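J.: From the sequence below, what's the structure:
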Amino acid sequence: MQTGKPRKTIVVVDGMGGGIGVQLVSKLRESLAGDIEIIALGSNAVAVERMIKAGAQRGAAGENAVIHSVRLGSLIIGPIGIIIGNSMMGEITRPMAEAILAAPGERILLPLQNEHLTLAGLDGLPLAKMIERAVELVKERIE
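T.: Numbering: from 1, shown residues only. The predicted structure follows:
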C-alpha cells in the first residue's frame, strides 16, 4: 500500500546520440529526491541505452515505443525538436511529435536552435544553463 504523494513519472525524450537526454537524466537524478521514476524514450536504442546508464529506471526506443509510452509521464522533458516532425535529422517522425504534443503530461522543452529552426527573442543560453533551468522547473512541478 502506497502512502503520501503518488509517484511522479518523468519521461525524458531524445534522439540521435542521446547526449541531451543523458545530461537531463543525470541532473534530474542528482537533484530530485523522493519517489520519482524516470523513463527514457528515444528515437533509437543508443540514446535510450545511454539515458538508462545515466539513471533512468527503464526505457524504450523507436516510434511505437514513444507513441505508446509518452502518455506515462506527468512531465515530459527534452529538446524542442521532439515536438517537430522530421526533426533531429528525421529521427523524430510526425506521429512521434504528434503523440508527444497530445500526451496528457506537461512538456518542458529546451529551446535548442539549429540551422533549420530559429527561435526569435531567446537569449541563447548555454546548454548547461538550459538543463539547469529545466530541472528547476521539474522540481517546482513535483513539489
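
J.: Report how many residues lie close to residue 42.
T.: Counted by other C-beta atoms under 10 Å, the residues lying close to residue 42 total 28. Bear in mind the C-beta positions are built from the backbone N, C-alpha and C, glycine included.

J.: and it, what are its phi and psi?
T.: Taking degrees, to the nearest 10, you get phi -140, psi 160 for the backbone angles of residue 42.

J.: List the single closest residue to it in space, sequence neighbours excluded.
T.: Spatial nearest neighbour of residue 42, chain neighbours left out: residue 48 (4.1 Å); criterion: C-beta to C-beta, 6 or more residues apart in numbering.

J.: Is residue 106 bridged to anything, and to what?
T.: When assigned by DSSP bridges, residue 106 has beta-bridge partners residue 75.

J.: That one and residue 75 touch, don't they?
T.: Yes. If you go by C-beta atoms under 8 Å, residue 106 and residue 75 touch, sitting 5.5 Å apart.

J.: all strands for this protein, in order.
T.: Applying DSSP state E to the chain gives strands spanning 8-14, 36-42, 58-61, 75-79, 106-110.

J.: and these as CSV, adding mean pLDDT?
T.: Output for the strands of the chain, formatted as CSV (pLDDT from 0 to 100):
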stretch, mean pLDDT
strand 8-14, 96
strand 36-42, 96
strand 58-61, 98
strand 75-79, 97
strand 106-110, 96
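
J.: for this protein, what are the low-confidence residue spans?
T.: Residues of the chain meeting the criterion pLDDT under 70: 1-6, 115.
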